[in-house]
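Asks: For reference, the sequence and a predicted model appear below.
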Amino acid sequence: MAKSSADDEELRRACQSAIQDTNQKVLISIRVAKSRGIWAKSSKLGRGHMAKPRVLAISTLSEGQQMKALLHVLKYSTGGVLEPAKLYKLRHLTKVEVVANDPSGCTFILGFDNLRSQSVAPSQWTMRNVDDRNRLLLCILNVSKDILGRLPKVVGIDVVEMALWAKENTPTNTNERNVRNLQDEPVAATVTEGELKVTVEKELVSQAEEEDMEALLGTYVMGIGEAEAFSERLKRELQALEAANVHAILENEPLIDEVLQGLENATTCVDEMNEWLGIFNVKLRHMREDIESIETRNNKLEMQSVNNKALIEELDKLVEKLRVPSEYAACLTGGPFQEERMLQNIEACEWLTGALRGLEVPNLDPCYANMRAVKEKRAELEKLKTTFVRRASEFLKNYFASLVDFMISDKSYFSQRGQLKRPDHADLRYKCRTYARLLQHLKSLDRNCLGPLRKAYCTSLNLLLRREAREFANELRASTKASRNPTVWLEGSTGSSQSANTADTSTVSEAYAKMLTIFIPLLVDESSFFAHFMCFEVPALVPPGGVGGNRAGSLDDDANEDDLGIMDIDDNDSKTGKNSAELTALNESLQELLDGIQEDFCAVVDWAYRIDPLRCISMHGITERYISGQKADAAGFVRILLDDLESRISMQFGRFVDEACHQIERNERNVRQVGVLSYIPRFATLATRMEQYIQGQSRDLVDRAYTKFVTVMFATLEKIAAQDPKYADILLLENYAAFQNSLYDLANVVPTLAKFYHQASENYELACTRHISLIIYYQFERLFQFAKRIEDLMYTITPEEIPFQLGLSKMDLRKVVKTSLTGVEKSISSMYRRLQKNLTSEELLPSLWDKCKKEFLDKYESFAQLVAKVYPTETIASVSEMRDLLAGL
């Protein structure tokens, strides 16, 4: 037999070391296997419930006069060293239960009353054998009795059996223990364990209980010593008992016969009763079958009655759907369309729409869709629909034409001589609104009928709009008084007077603005009204705040009349998203509605151009303002109209610019030009006038014109100057100076002109430099040519070698200086007179003379430095003397 771990001293010492408390004494330590289970149920080992090796150790702890008993659970670490896992106090131990499902009896459970969750199954502890189990449990019971004064509840263990086991094993174990303790441990520990075991033996069964048990067992010990005699005694008693039983049976035979006779009679009655019950059962079965048959027939009849009633109700509803009210039929087939009868027509349309929808599969049970009556009624309703749509379409076409013809025939609707008439379509729209609801129903009944109706409306109203625009434009041009300005601004002839270009032509721009103010809002309103009236599925059509910020100038009475005040009767008409197909159709219809009216606007633009071409600038700004205000999709054609007007204005202004450029290029090319060319100051006047006309977005138009003008002006100036090279620089510097002087103020505020201003300034400086250099070389050519030869030679030889070159000796230097600087006052005065002689602009002379003196001094200073470097022994007039001389002239 393997050695018990309870006797393993090394294990006990390892436990004492793992507890790490010298005040605790380990009484017993033993190896166990730990697993999980349920109270009174077998443990099922699975994942998470595998047995784990553990060591249980019981120790005592002295705290003054009080003793504590502890149960330690130790586990093995990775290195095989014991370490504490859990600690229990034995005073909380309430139950010790041996697992009944373990045949070996080596598995038990310790129940503590202080566990946090009683629902969690406590740990099960399995020993190697029963002896190890008894050793541990006896130790626990003994310590509980001595230290705690009470015993835990023991379940599944025979106390007598455990007492007998303790009685048999205590002496031997005690002796062996004492022997080991004499070798390894103090005596006190041995005595304590022995005394504890003895105490457990005595306390398991009291003295009085033991005496009672011996007395009880003593009554059964008689004769047990002689086994053969006891066996013979039992045999004799058994034979006597069997004989007595046989005798009793024989004595009761008559009674048994009576009982058997009664049983036979009862059996006969039972058989008869069973036969009768079988007969009754057959009859009851037949009755039950009859009752079930009757109930089935009754259920069928009841079901048939219910179905017939429901069928009659459904047929009544269907018949009601298929019935055409006579008043509606009469209205749809031959009723008038006058205004007072429109309510009846609308009601008939609503009924017809609902009836047609009611016969469609989603609203009608599919089983009725193929019925002949339903098909015939659907065909009848389709015929009614076709008849009504045809009659209503013909009426509306004639009605639109009659309305427009009536207005055209009345001259009071249009502008007349001496009176501008603002177009007023309030009455026209009011009359059309009467039939707006009808158009909604026509769209619901047949969308294809709207195309001809829209075309008829556009054709009729187009005649009215074109007549109104033509009469208004004619009277507007006739009533506007403005002097016609010539288109020749930059011509070189002196016959054209600049005073003629100062005439006030603002009334021309005002007339054009009035034309737009009156008709653009009218056209936008007409477009919006047409889109709503003719049931186009488009979003809001007129931008908030009116057209181009001039909503106040539109028709006041019609400001809020684009809303027709009607409801969408078709679910598809309530769409808020844009429908590209609808927008395309709307724009095509608006093209028909407003086509041709642009001719009258273009006529006003051409008229304004003939009076004053520069008014194209202000008209362009006015048009741009209206274009920026057109954001609604229904005003698409109006935007196209405004874009065409803008293009027309830009084209006319481009013609003016091209003609002016031709005038510049034709500026008397064959005649020698002297002084400032005529188009230079005239361009300044033209630019000032153009700046006065700029409005809104017309800046780009004017800047492009400036660019073209100035580019042609400068190119023409260069060409004219090239024709006479002798006086080219004088012509250039005078004209560039005049360009700068005339455009100084405008260049400060106009970036485009500022760019050309700087370009003219650069060209002026270049022309001045060339002209001054020419005058200086004309008077002092030998002097500065001598200096130039010296400079050229200094690149190849040293300054000391230069005096030995041919023509550059000291004698040559003295001759050049004497020839050039003798009478230098006269030479300088001659230079001034030459500069003054060819200059036509006297105001430029002082600045040019200052530039000339500065240039001469710079050149002379360079000459003096060369002389000092190459001819150090020669003396000439110093630079300061020459500067004083120039200052005194």
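Replies: That came through fine. Numbers count the residues shown, from 1 in each chain.
Asks: so which strand or helix has Ser483?
Replies: For Ser483, there is no helix or strand it lies in under DSSP states H and E.
Asks: So it sits against Val508, correct?
Replies: No: contact status for Ser483 versus Val508: not in contact, 10.1 Å apart, counting by C-beta atoms under 8 Å. For every residue, glycine as well, the C-beta is placed using N, CA and C.
Asks: So for these two, which residues contact both of them?
Replies: Contact with both Ser483 and Val508 is made by residues Ile611, according to C-beta atoms under 8 Å, 6 or more residues apart in numbering.
Asks: Look at those two and report which has more neighbours.
Replies: Set side by side, Ser483 and Val508 show more neighbours around Val508, with 26 against 12, by other C-beta atoms under 10 Å.
Asks: Next one: that one, what pLDDT does it get?
Replies: On the pLDDT scale, Val508 is placed at 82.
Asks: now it: how far from Gly654?
Replies: Counting by C-beta to C-beta, to the nearest Å, the separation of Val508 from Gly654 is 18 Å.
Asks: Could you do Val155 as well?
Replies: 118 Å.
Asks: again with Val389
Replies: 53 Å.
Asks: Which residue of these two possesses the greater neighbour count?
Replies: Set side by side, Val389 and Gly654 show more neighbours around Val389, with 18 against 15, by other C-beta under 10 Å.
Asks: all strands of this structure, in order?
Replies: Using DSSP state E, the strands of the chain run over residues 24-36, 52-63, 66-76, 82-89, 93-98, 107-112, 123-126, 153-155.
Asks: now for the third one, which elements pack on it?
Replies: Going back to what we said before, that points to strand 66-76. Identification of packing neighbours for strand 66-76 by 3 or more C-beta pairs under 8 Å, 6 or more residues apart in numbering; DSSP states H and E yields helix 9-19, strand 52-63, strand 82-89.
Asks: Okay, buried residues for the second one please.
Replies: In terms of neighbour count (16 or more other C-beta atoms under 10 Å), strand 52-63 has its buried residues at 54-60.
Asks: between it and strand 107-112, how big is the angle?
Replies: 40 degrees (axes from the mean of the first three to the mean of the last three C-alpha atoms, to 10 degrees).
Asks: As CSV, could you dump the C-alpha coordinates of strand 52-63?
Replies: The C-alpha coordinates for strand 52-63 follow below in CSV (Å, rounded to 0.1, in the frame of the first residue of the first chain):
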residue,chain,number,x,y,z
LYS,A,52,-6.7,19.9,-10.1
PRO,A,53,-4.0,18.8,-7.6
ARG,A,54,-4.2,20.6,-4.4
VAL,A,55,-2.9,20.2,-0.8
LEU,A,56,-5.2,20.7,2.2
ALA,A,57,-3.6,21.8,5.5
ILE,A,58,-5.2,22.4,8.9
SER,A,59,-3.4,24.7,11.3
THR,A,60,-4.1,26.5,14.6
LEU,A,61,-3.3,30.0,15.5
SER,A,62,-2.9,31.3,19.0
GLU,A,63,-3.9,34.9,19.6
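Asks: From the chain's centroid, how far away is that strand?
Replies: 69 Å (C-alpha atoms, centre = their mean, to the nearest Å).
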